[in-house]
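Undergrad: I'd like to go over a predicted model; first the sequence, then the structure.
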Amino acid sequence: MEPTANELPPQPAYDDPEPRLTKLEKAVTALQCDHALLGLRVSSGFEAAQAQLALTEEKLRREFHDGLHNLEKVLSKKIEDEAQRLENRIVNEVQILTARLDHQDIRLDRQDSRLDRMEARLDRMEARLDRMEARMDQLDAKIDQLAKWMIATQLTTIALIVGIAAQLFLR
């Protein structure tokens, strides 16, 4: 493309391209320095952020361990309190059961003494019955003797009557 008569060929902004290149080189060098500084700042900022993260992590770990230790203390205290409460409850229940067993033992002892008295009474009654049976046997023996005596008396009376009748008849 050729410039027309009314157009002028493009003129460079600077007549001398050398200062323009120097300024550009300086700008590039400045940009490189800025880039390097920015990289250093980013690196140091990253390192600072890492250090801050490490400090925060350590702080959180300590807080976590402290919280965990405090929680462990609280839970241990609650467990001890609950264990003490349960132990007291068990002791009370055992005392109640022991009192009940003692009461039952006393009642059983009373029943045993009643049974012993009843057994002694039964033994006395059995002895009395044995004596009564012996006396009844004696009375039975006496009744048997009396019956024999009455039979003998009747036979004697009959023999006497027969003897008297025979004498009266023979006379």
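TA: Ah, there it is.
Undergrad: which residue is nearest the centroid of this structure?
TA: Central residue of the chain (Cα atoms, centre = their mean): residue 86, 8.8 Å from the mean position.
Undergrad: got a list of what that residue touches?
TA: Contacts of residue 86 were listed using Cβ atoms under 8 Å, 6 or more residues apart in numbering, and none were found. Where you see a C-beta, it was placed from the backbone N, CA and C, and this is true even at glycine.
Undergrad: quick check on it: phi, psi?
TA: For residue 86, the backbone dihedrals (degrees, to the nearest 10) come out as phi -70, psi -40.
Undergrad: distance of it from residue 94?
TA: 12 Å (Cβ to Cβ, to the nearest Å).
Undergrad: same check on residue 114?
TA: Residue 114 is 30 Å from residue 94, by Cβ to Cβ.
Undergrad: so how far is the helix or strand containing residue 91 from its chain's centroid?
TA: Assigned by DSSP states H and E, residue 91 belongs to helix 17-170. Centroid separation for helix 17-170 versus its chain: 10 Å, with Cα atoms, centre = their mean, to the nearest Å.
Undergrad: distance check, residue 151 against residue 139.
TA: Taking Cβ to Cβ, one finds residue 151 at 18 Å from residue 139.
Undergrad: and residue 163, by the same measure?
TA: Distance, residue 163 to residue 139, by Cβ to Cβ: 35 Å.
Undergrad: can you check residue 104 too?
TA: Distance from residue 104 to residue 139, by Cβ to Cβ: 50 Å.
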